[in-house]
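S.K.: Would you be able to build a 3D model of this:
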Amino acid sequence: VNVVLGDGQGQWQGGRICGQCLEVTANTSQGSKSVVVRIMDKCADGDCGIDLGGSAPAAIMADGFGRYDGAWRFVSCTGHPEVSDGAPSLYVSGGSNAWWSRVQVRNPPWPVSSIAWQDPAGTAHGTLAYANDPENTFEVPAEVLQSSAASLVLTVHFADGTTATVQLSPSQLAAGNSAYPLE
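M.R.: Numbers count the residues shown, from 1 in each chain. Down below sits the predicted model:
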């Protein structure tokens, strides 16, 4: 969704909106129909509006596939198992290693505002920077990956003010294609 036609910005926020759920309502010949969906990626067409995939189109497109007038609003993903393939988890991107790592929250209840880290045995702490390579990931600093700490507590801050945590070792944060449940 764009603020100005073709600007690629709008609510996309450089990918930070990934994971957010929407209630999409389409106006059809049979009246308004709604479905809850999770934002997975940016629409390739600069003026496509909201591009629905999976089973969502069949739920609301009573007049056949195509473009519909309607509306959408942000909602929590909690309570909508149809938009999730599991519990919230911290995923370590493929290719991560002891010198470069990216993490992503999968199946969040709301978009991720920030991810903080802390050494529970010491005073070291900080936040993970949002990364654009790839979008919707957070960069694990080299100081964290190279840390001698036995474990680190990562706290995920969601847009609604709630948090979730996971305790991992630096080597786990460097192990690509790994997922760890958030509590």
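
S.K.: Surely Thr155 touches Thr162?
M.R.: No: applying CB atoms under 8 Å as the test, Thr155 and Thr162 come out as separate, 10.8 Å apart. To be clear about C-beta, it is placed using only N, CA and C from the backbone, and glycine gets the same treatment.

S.K.: More neighbours: which of those two?
M.R.: For Thr155 versus Thr162, neighbours defined as other CB atoms under 10 Å are more numerous around Thr155 (16 against 13).

S.K.: ok, Asp63 - how many residues close by?
M.R.: Neighbour count of Asp63, defined by other CB under 10 Å: 13.

S.K.: Then Ala124?
M.R.: A count of neighbours around Ala124, defined by other CB under 10 Å, yields 14.

S.K.: what do you get for Asn97?
M.R.: Asn97 has 10 neighbouring residues, counting by other CB under 10 Å.

S.K.: my read: it touches Leu173, true?
M.R.: No: judged on CB under 8 Å, Asn97 makes no contact with Leu173 at a distance of 10.1 Å.

S.K.: and the closest residue to Ala149 other than its chain neighbours, how many residues sit next to it?
M.R.: Spatially, and ignoring its direct neighbours in sequence, Ala149 is nearest to Asp119 (4.4 Å; CB to CB, 6 or more residues apart in numbering). Asp119 has 18 neighbouring residues, counting by other CB under 10 Å.

S.K.: Which per-residue confidence value corresponds to Asp119?
M.R.: On pLDDT, Asp119 comes in at 97.

S.K.: so where is the chain shaky, pLDDT-wise?
M.R.: Within the chain, the stretches with pLDDT under 70 are 1-13, 43-49.

S.K.: those strands in it, which residues are they?
M.R.: Applying DSSP state E to the chain gives strands spanning 21-28, 31-38, 70-75, 89-92, 102-106, 112-118, 125-131, 137-139, 152-158, 163-168, 178-181.
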